[in-house]
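Student: When you get a sec, could you give me coordinates for this:
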Amino acid sequence: MSYDPDPFTVAVKDSARDENRAVRRLVRAEGDRLDFDSEAAAHRRARELSADGDAAVKVQRAAPQDPDDVDGYLVGWPDRRTRTPEGTPTEGLTFDTEANQYGALGEALVCTPAVNPPLLTHFARVDADLPTEGVDDDRLRVELDTDPEPVVVRSDRRWEPDCRAVVRLGPDRPVLTEYWCEVKAGDGSFERSQRAAMRAKAREATVLKIRVDLDDLPESYTAWVRRVEPEDGDGEELTYRVNSELGDFA
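Tutor: Numbers count the residues shown, from 1 in each chain. From the prediction side, this is the model:
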């Protein structure tokens, strides 16, 4: 197969970063848009990243109607073979954790239970400048909607929030504030279209990016909460770190 010698720009997709640690290192060093001298060079780099990162990635050409100003995308290309787990059903089956399962664990920690989940409840106390001790749980109430409406900007920027948290100072009190949240576990990254829609939504509501470290499960987990600034804002995003144990808010 031959490729045109023209310059070739590639955007890195979440699937490539999630599955390949060499891609994550590359993005940290060079960003999520990569410029190559040719399409052949882009494919060659994908093969090198596949070998270095122990997980296959591939360059896919962008569709002609694609709104992003790129020539292609670097995407994860997982092995489609059915993997046989170790063990037996009676003795126990051992599976590798897949990227989507890993992400679901982080989302479950942030979004469970549906009323007063530990992380967002603690964050609401800090954000509203409430005392972290001495406030009855019945006074501070954080209620989750885990299926909020998607946020669409123009027709090419779409974000489906993991949850919307409504904060009140009591079950029947007026809404104090609300948060629109996106949750990532480990090194999971935020798609560019997500970030654009999140910044647009931040012009009218509080938008939070939440990253969860699962390394210390099942005893504890650590999460970083970052407030997203509007796309036309001048301020920097503020980051909060929250440590939670399984017994918190029991």
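Student: okay, CA-based contacts and neighbour counts for the rest of this
Tutor: Will do.
Student: now for whichever strand or helix holds Asp18, which elements pack on it?
Tutor: For Asp18, the enclosing helix or strand under DSSP states H and E is helix 14-19. Packing partners of helix 14-19 (3 or more C-alpha pairs under 8 Å, 6 or more residues apart in numbering; DSSP states H and E): helix 21-30, strand 72-76.
Student: Residues contacting the first one, please?
Tutor: I take that to be helix 21-30. For helix 21-30, contacts defined as C-alpha atoms under 8 Å, 6 or more residues apart in numbering pick out Val12, Ala16, Arg17, Asp18, Leu49, Ser50, Asp52, Gly53, Asp54, Asp187.
Student: Is the spatially most central residue of the chain part of a helix or strand, or is it coil?
Tutor: Closest to where the C-alpha atoms of the chain average out (C-alpha atoms, centre = their mean) is Lys184, at 3.1 Å. Recorded secondary structure, Lys184: strand (DSSP: H, G, I helix; E, B strand; the rest coil).
Student: Can you tell me, leaving aside adjacent residues, what's nearest to it?
Tutor: Arg211 (4.8 Å; C-alpha to C-alpha, 6 or more residues apart in numbering).
Student: number of nearby residues for the one you found?
Tutor: 23 (other C-alpha atoms under 10 Å).
Student: after the helix or strand encompassing it comes which helix or strand?
Tutor: If you go by DSSP H and E, Arg211 is part of strand 206-213. Where DSSP H and E defines the elements, the next helix or strand beyond strand 206-213 is strand 220-227.
Student: That following strand: which residues count as buried?
Tutor: Buried residues in strand 220-227, defined by neighbour count with 16 or more other C-alpha atoms under 10 Å: Tyr221, Thr222, Ala223, Trp224, Val225, Arg226, Arg227.
Student: quick one: the first one and Arg24, what's the gap?
Tutor: As judged by C-alpha to C-alpha, to the nearest Å, Tyr221 and Arg24 stand 22 Å apart.
Student: Give me the angle between the longest helix seen in the chain and strand 72-76.
Tutor: Longest among the helix segments of the chain by residue count, using DSSP state H, is helix 39-53. Angle of helix 39-53 versus strand 72-76, following axes from the mean of the first three to the mean of the last three C-alpha atoms, to 10 degrees, is 20 degrees.
Student: Pull out the buried positions in stretch 91-107.
Tutor: Buried, per 16+ other C-alpha under 10 Å, within stretch 91-107: Tyr102, Gly103, Leu105, Gly106, Glu107.
Student: Report the distance from it to the chain centre.
Tutor: Taking the mean of its C-alpha atoms, stretch 91-107 sits 16 Å from the chain's own mean (C-alpha atoms, centre = their mean, to the nearest Å).
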